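1. A structural model of the following input is requested.
(chains A and B)
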There are 2 protein chains.
Amino acid sequence: MPNPPPAWVQALTPAEPQGTQLLAQERAQSNIDVDKLGELLHTKEALDKQNSILSVLKSEKVFDKSRNHTLGRTEKIQLALARGKRLQQLKKVHGWSDEDAYVANELLAEPTPYGLHASMFLVTLREQGSPEQQKLFYERAAKYEIIGCYAQTELGHGSNVRGLETTATWDPEDKTFIIHSPTLTASKWWIGSLGRTANHAVVMAQLFIAGKNYGPHPFVVQIRDLETHQPLENIYVGDIGPKFGYNTMDNGFLLFNKVKIPHINMLARFAQVDKATNKYLRPASPSLVYGTMTWVRSNIVLQAGGVLARGVTIAIRYCAVRRQFQDRDAKASAEENQVLNYKMVQIRLLPLLAAMYALHFTGRGMMRLYQENQDRMKAASQADQEKRGAGPEQLRAGSDLLADLHATSCGLKALASTTAGEGLEVCRRACGGHGYSNYSGIGPWYSDYLPTLTWEGDNFMLTQQVARYLLKSARAVLAGKGTSNDTSRILQAYLSRRDKGASFDILGDDSDIVAAFAWRTAHLTFETLKYRDVEKRSWNSLLVNFWRLSTALSQYIVVKNFYEAVTSPELTSTLDPDTASLLRSLFRLYALHTLEREASEFFSSAAVTVRQIGLTQASEVMKLLDEIRPHAVRLVDAWKIPDWQMDSSLGRYDGNVYPDLFRRASQENPVNDLVFDPYPWNDNVLKNTPPKSKL
Amino acid sequence: MPNPPPAWVQALTPAEPQGTQLLAQERAQSNIDVDKLGELLHTKEALDKQNSILSVLKSEKVFDKSRNHTLGRTEKIQLALARGKRLQQLKKVHGWSDEDAYVANELLAEPTPYGLHASMFLVTLREQGSPEQQKLFYERAAKYEIIGCYAQTELGHGSNVRGLETTATWDPEDKTFIIHSPTLTASKWWIGSLGRTANHAVVMAQLFIAGKNYGPHPFVVQIRDLETHQPLENIYVGDIGPKFGYNTMDNGFLLFNKVKIPHINMLARFAQVDKATNKYLRPASPSLVYGTMTWVRSNIVLQAGGVLARGVTIAIRYCAVRRQFQDRDAKASAEENQVLNYKMVQIRLLPLLAAMYALHFTGRGMMRLYQENQDRMKAASQADQEKRGAGPEQLRAGSDLLADLHATSCGLKALASTTAGEGLEVCRRACGGHGYSNYSGIGPWYSDYLPTLTWEGDNFMLTQQVARYLLKSARAVLAGKGTSNDTSRILQAYLSRRDKGASFDILGDDSDIVAAFAWRTAHLTFETLKYRDVEKRSWNSLLVNFWRLSTALSQYIVVKNFYEAVTSPELTSTLDPDTASLLRSLFRLYALHTLEREASEFFSSAAVTVRQIGLTQASEVMKLLDEIRPHAVRLVDAWKIPDWQMDSSLGRYDGNVYPDLFRRASQENPVNDLVFDPYPWNDNVLKNTPPKSKL
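-> As a prediction, this is how the structure comes out:
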């Protein structure tokens, strides 16, 4: 910088009290055992692993985050590739597992151009390739000898996979497939790692055999030369340009002009073309894919808690350090008040604090349920084959549960990612003006997260699947054919009390809160079923109802999972009674605050009375804010998010907010190298020439 | 680009039907007179002016927007300064007025480093400077001989102006002020145009005379040399670093080490230090400033409509071009459906379409009311001085109205900017995956707009002022001392019917919708007054109620202004009956959709019945969506936002979405100049060396 801080500047400190003191006070006023709670959330093993990986990353200059915010896109993506390379090298050097590498990437907290190679490309080859194909493609890809991506969406088609335009036409003469883009809108688009990095792609294309369309299937296509990295003939490929975030990733486009690929390049685990007869061979059961998607979505729910936790950690720590205005009822001589003491700030942040716990426990609950069921089904399937025990019956129950998990994971993915995405923006605004600085650490994180609301099923589209499932379940229950899963259970419970009405003691009994959420969901389900089946309303006219229905079911599931977690022996026996009771308060805050926001549906379904809502709003939620406030800083500390990962001046563990903001602005900001010529009549922008910026 | 589109790529077109055809169909199915409606909104004169300025800007290479998205911050801000300079030069060449220059800046649609010089610096000098100071500072500033900024907020203080730490100590010996930063948190922070551009600043500092603090006052301080542009001695100044948006502006920091300035540099219109006696001279009435703030906030309301209109225009046009899935109830052979036909998309976009009209008419209504009142008060003041007519009485009524306008403008600023900011994000998501591309034109616009939710009064902080005013008005009304303004009127109306209850025919009579919004506001006001005055609850515990109160009042005012606009003779006599009736439907959609979202307050205040809400939700809002849908494209066309201003592939007037996205990605995207070395074991990131990027 041309103008380094002179001595008189270096001697300045923030006005008293210092942020360090304020955070120390915060931590002193709460007795939460942060380490124990952290281990309950993440396990000790995972936290130790995180620490050891962190120390490796911090010692490498290429991971220095100070340059992230000022680079242009061209420089940014090169730096990201350099980081991706270094992560692979470190993985080898330190013998990290794939999971460890994932942790390292999370700590780095930005996508690298290898992102889609390491996830979708490898997963697809492994899960959809035959043994021969695994050897040919997967093994080389796992060693990064070939680099790939997963090319599904197109310029003209995202959500509607059946509408894809790229074709793969079987040529019975030379036993090849011809991959072709018949239109401009057939161009593959948004494909991560494709733009500049990949030399192979798994391409989803409509399979045509003898003029008949068999629908979208996956094909492995080489797109660039392995030596020169230039596109192969009749392939046009590139990066799709700048985005709201995710600019360290080379999302790409891809067009084919009748490109021939051999028979072996169609991934054959679920379907294939018989080389001899030129016939399509029926796909194997796609239930494995079905299961994988459930797993992916449950994982998004779990991650959503952690994503939100970063924003909440930053906002709560900074709002404990920032002081603004005296309390209006206090004496004139009073000191300025910590922003976190204002109820208008608490009502924005503390329910999000509760939500991050709620989503975490829900994601964990979903994944456990899924795993248990997979294990049970495996055992049942074995029993079935060995003709012993209750094999078939258990298999049926297992597949019922899987169907339930699949549908509920769609709705939860939508609710969780919307909660996290929108919650981050609430956190940013709660930081006032400084929230807008990139040194807050929230903005760029928010921008990078937003695609999650659209991919793996657009959050609005997904709600139709949930509603369809609920309507189907309701029809079954009405026909006396309900299954034993939870969705059927709550629908049956509602029907059995329909004539008596509900009387939930939401302010007296926590399990009644869960029941009220179930009641509202069941009420909306039968109401919507009436619209569809009796009044014969069009599907389109009901889309808004479906979205409400999906939200209601998902909120019920989160409330139920959170309740089960805070009352579980695992939790109550691990934590001291004060901490366990505080987590119960977080549950109540999440549930009652949600209930209050959705009050009109709780009214109109007669799940609660107007008086109950009035009391919830005017006193119960306020009481919970008072109860949780003193523990807010420790409750975010327990998530153990390292400063290095957050890259935030506002959210620093030590509270040294202002010196850090000042240091970064004055010493890590290349704009301060520029000396402007400020007069409009001089065409020159600069007085001097700035030093060349370097990567 | 190393890989220009080969002939086979250039020959490709999007799948049928083309976007151009789809938008042509949209326009053919509506009879709205777009030109007439556009003139009603903006006046013909303004639209002509916009066109003539636009053609000047488009012909200048420096304004080419294609580079905006890929530059790093250092390059971006230099380009912005070059553009700011060129705008000033063009202003001179073409004899543009200040207002014309403002229009040019709006078309450019990015802040330039002159932004705060041209607004707050000049305004403050003009309005708060004595005639001598105007000559000394304002005249030179208006000619850009000196460049300035307005330095109020500090690292440690934003909202709470009284808490500022910078001091200005009067030295009676040499008749100077000593400007000083006693702490690090006293550093000026966020000051637009300060970081690299300004050589002067209006500095808000605590005025100390003989040890006594007289509160914050404005001082003109030179901070950089007029020749070398280097900071003067004992001044430390720079840019505060990268932000979520607004990166073409050099928001800055500024520290003083006992810097002496002469007596003339304290802006003296409202307060001064007497040079002879060293005494503080009482400020003149600050009502002028009070009025300016009201004007500024009303302007934010008006602008919010236009800000939102950009997002809505883009989303509605693109959702008419994008087709995805068949309608579920349609035949299997049906074509894919325009996304805009789905109710789940309509319910997100059409209420925002209504909101942009609502905010526009409200802003205009507020500004007209303000102007009329200013004129009346001026006349009354003259009459008063000349001792004739009802001067004093009219003055009192005028100042009542001004107080009302001031308070309501606070709430409206919060509601309007939140609606626009959050609405833009809704529009972005409604565009699906492509909304995330910067070529959508929404993301960067959203990022640049977000500070409006925080500056000119944080949107949450402001609501306290509104509530304070409402409580005061309610006390006056209860004491029989209500005034004649609208707030008193709705409170009185509520009291007079309190014992009989409300019976608003919201689905039958549009004026009853307005009355229901007034009723709910009055109900919440008296309820909150009871909490505060009877139950003596703490101010802090009521902040959430205050926020609700402010929102309720502001929604009422928007609904009222929108209703008055669509029923005004000006509108009904200018537009054909079909268009006028459609605007009435937009009013109903805005009002009923808002009512539905806030249903629980309308219930609990007994403004409407549960049955009415049920009907609103299930049928009335759906009917309005059907009614407005065919006119959606023409209703955004009428806003006449030029393509060049929006810089959006998705929102193009001609509907050529896909070819434009493809062209920009493949031909305006310097990332495609890079040839990666994709293997992690090679440290080199690139195969070749990219061409040096140029400004």
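2. domains in chain A, as residue ranges please.
-> Listed by the TED database, the domain ranges of chain A are A:146-283, A:292-325+A:337-379+A:400-637.
3. To B:Pro182, which of those domains lies closest?
-> B:Pro182 lies closest, by CB to CB, to one member of the domains of chain A: domain A:292-325+A:337-379+A:400-637, at 16.5 Å. (Glycine included, C-beta is placed from N, CA and C.)
4. Please state the offset of that closest one from the chain centre?
-> Put simply, domain A:292-325+A:337-379+A:400-637 sits 15 Å off its chain's centre (CA atoms, centre = their mean, to the nearest Å).
5. quick one, longest helix in chain A?
-> Counting residues, the longest helix in chain A under DSSP state H turns out to be helix A:343-385.
6. check whether that helix contacts chain B.
-> Yes: using CB under 8 Å from any CB of the partner chain, a contact is recorded between helix A:343-385 and chain B, made by A:Lys343, A:Met344, A:Ile347.
7. want to throw the domains of chain A into TSV with distance to B:Met293, mean pLDDT and mean neighbour count?
-> TSV is the format used below for those (distance: least, CB to CB, whole Å; pLDDT from 0 to 100; neighbours: other CB atoms under 10 Å in any protein chain shown):
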stretch	distance to B:Met293	mean pLDDT	mean neighbour count
domain A:146-283	33	96	20
domain A:292-325+A:337-379+A:400-637	18	95	21
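8. The helix or strand containing A:Ser600 packs against which elements?
-> Using DSSP states H and E, A:Ser600 maps to helix A:599-604. Judged by 3 or more CB pairs under 8 Å, 6 or more residues apart in numbering or on different chains; DSSP states H and E, the packing partners of helix A:599-604 are helix A:510-529, helix A:610-615, helix B:599-604, helix B:610-615.
9. rerun that using 10 Å as the cut-off
-> Counting by 3 or more CB pairs under 10 Å, 6 or more residues apart in numbering or on different chains; DSSP states H and E, the packing neighbours recorded for helix A:599-604 are helix A:510-529, helix A:543-567, helix A:577-597, helix A:610-615, helix B:599-604, helix B:610-615.
10. Now do the longest helix of chain A: distance to the chain's middle.
-> On the basis of CA atoms, centre = their mean, helix A:343-385 sits 14 Å off its chain's mean C-alpha point.
11. What angle do helix A:577-597 and it make with each other?
-> Here the directions of helix A:343-385 and helix A:577-597 differ by 100 degrees (axes from the mean of the first three to the mean of the last three CA atoms, to 10 degrees).
12. So which elements touch the next helix or strand after helix A:343-385?
-> Following helix A:343-385 in sequence order, the next helix or strand is helix A:391-430 (DSSP H and E). Counting contacts by 3+ CB pairs under 10 Å, 6+ apart, helix A:391-430 is packed against helix A:287-321, helix A:343-385, helix A:443-449, helix A:462-478, helix A:486-497, helix A:543-567, helix B:391-430.
13. What residues of whichever helix or strand A:Leu81 is part of count as buried?
-> Taking DSSP H and E as the criterion, the element that holds A:Leu81 is helix A:73-94. Buried positions in helix A:73-94, judged by neighbour count with 16 or more other CB atoms under 10 Å in any protein chain shown: A:73-88, A:90-91.
14. For chain B, see how far away the spatially closest residue to A:Lys65 that is not a sequence neighbour is.
-> In this structure, A:Lys65 finds its nearest non-sequential neighbour in A:Asp647, 4.9 Å apart by CB to CB, 6 or more residues apart in numbering or on different chains. Distance, A:Asp647 to chain B, using CB to the nearest CB, to the nearest Å: 12 Å.
15. same thing with A:Arg663?
-> Counting by CB to the nearest CB, the separation of A:Arg663 from chain B is 10 Å.
16. And A:Cys319, by the same measure?
-> 12 Å.
17. hang on, isn't that residue packed against A:Tyr342?
-> Yes: in this structure, A:Cys319 is within contact of A:Tyr342 by CB atoms under 10 Å, at 8.6 Å.
18. For those two, list the residues in contact with both.
-> Contact criterion CB atoms under 10 Å, 6 or more residues apart in numbering or on different chains; residues shared by A:Cys319 and A:Tyr342: A:Arg348.
19. dump the residue contacts of the residue lying closest to A:Ile506 once chain neighbours are set aside.
-> When the adjacent residues along the chain are set aside, A:Ile506 lies closest to A:Ile513, with 5.0 Å between them (CB to CB, 6+ apart). Contact partners of A:Ile513, counting by CB under 10 Å, 6+ apart, are A:504-507, A:559-560, A:563, A:587-588, A:590-592, A:594-595, A:608.
20. do you know how far A:Ile513 is from chain B?
-> Counting by CB to the nearest CB, the gap from A:Ile513 to chain B is 17 Å.
21. distance of that residue from A:Asp505?
-> For A:Ile513, the distance to A:Asp505 equals 9 Å [CB to CB, to the nearest Å].
22. quick one: common contacting residues for these two?
-> Counting by CB under 10 Å, 6+ apart, the residues touching both A:Ile513 and A:Asp505 are A:Val608.
23. any idea how far A:Arg498 lies from A:Thr521?
-> Counting by CB to CB, the gap from A:Arg498 to A:Thr521 is 14 Å.
24. Same check on A:Leu615?
-> From A:Leu615 over to A:Thr521 the distance is 23 Å, taken as CB to CB.
25. so A:Met266 touches A:Gln133, yeah?
-> Yes: contact criterion CB under 10 Å: A:Met266 and A:Gln133 qualify, at 8.9 Å.
26. between these two, what contacts are shared?
-> Each of A:Val220 lies in contact with both A:Met266 and A:Gln133 under the rule CB under 10 Å, 6+ apart.
27. Of the helices and strands packed on helix A:599-604, which is nearest B:Arg323?
-> Using CB to CB, these put helix A:543-567 closest to B:Arg323, at 16.4 Å.
28. what angle separates the closest one from helix A:486-497?
-> Put simply, helix A:543-567 runs at 100 degrees to helix A:486-497, going by the same axes, to 10 degrees.
29. who's in contact with the residue nearest to A:Gly163 when sequence neighbours are not counted?
-> Spatially, and ignoring its direct neighbours in sequence, A:Gly163 is nearest to A:His157 (4.5 Å; CB to CB, 6+ apart). Contact analysis of A:His157 by CB under 10 Å, 6+ apart lists A:163-166, A:185-186, A:189, B:15, B:322-325, B:336, B:433.
30. Repeat the analysis, applying 7 Å as the threshold.
-> A:Gly163, A:Leu164, A:Glu165 (CB atoms under 7 Å, 6 or more residues apart in numbering or on different chains).
31. Reformat those as JSON lines; add secondary structure.
-> Shown next, in JSON lines, are the contacts of A:His157 (DSSP: H, G, I helix; E, B strand; the rest coil):
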{"residue": "A:Gly163", "secondary structure": "helix"}
{"residue": "A:Leu164", "secondary structure": "coil"}
{"residue": "A:Glu165", "secondary structure": "coil"}
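32. got those as TSV, with distance to B:Thr313 columns?
-> Output for the contacts of A:His157, formatted as TSV (distance: CB to CB, whole Å):
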residue	distance to B:Thr313
A:Gly163	26
A:Leu164	29
A:Glu165	28
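33. just these now: which is nearest A:Ala665?
-> Nearest to A:Ala665 out of the contacts of A:His157 is A:Leu164 (CB to CB; 48.1 Å).
34. ok, that closest one touching A:Val203?
-> No: A:Leu164 is beyond contact range of A:Val203, at 9.8 Å (criterion: CB atoms under 7 Å).
35. Let me know the pLDDT of A:Glu393.
-> At A:Glu393, the predicted lDDT confidence score is 75.
36. same deal with A:Ser399?
-> A:Ser399 carries a pLDDT score of 77 in this model.
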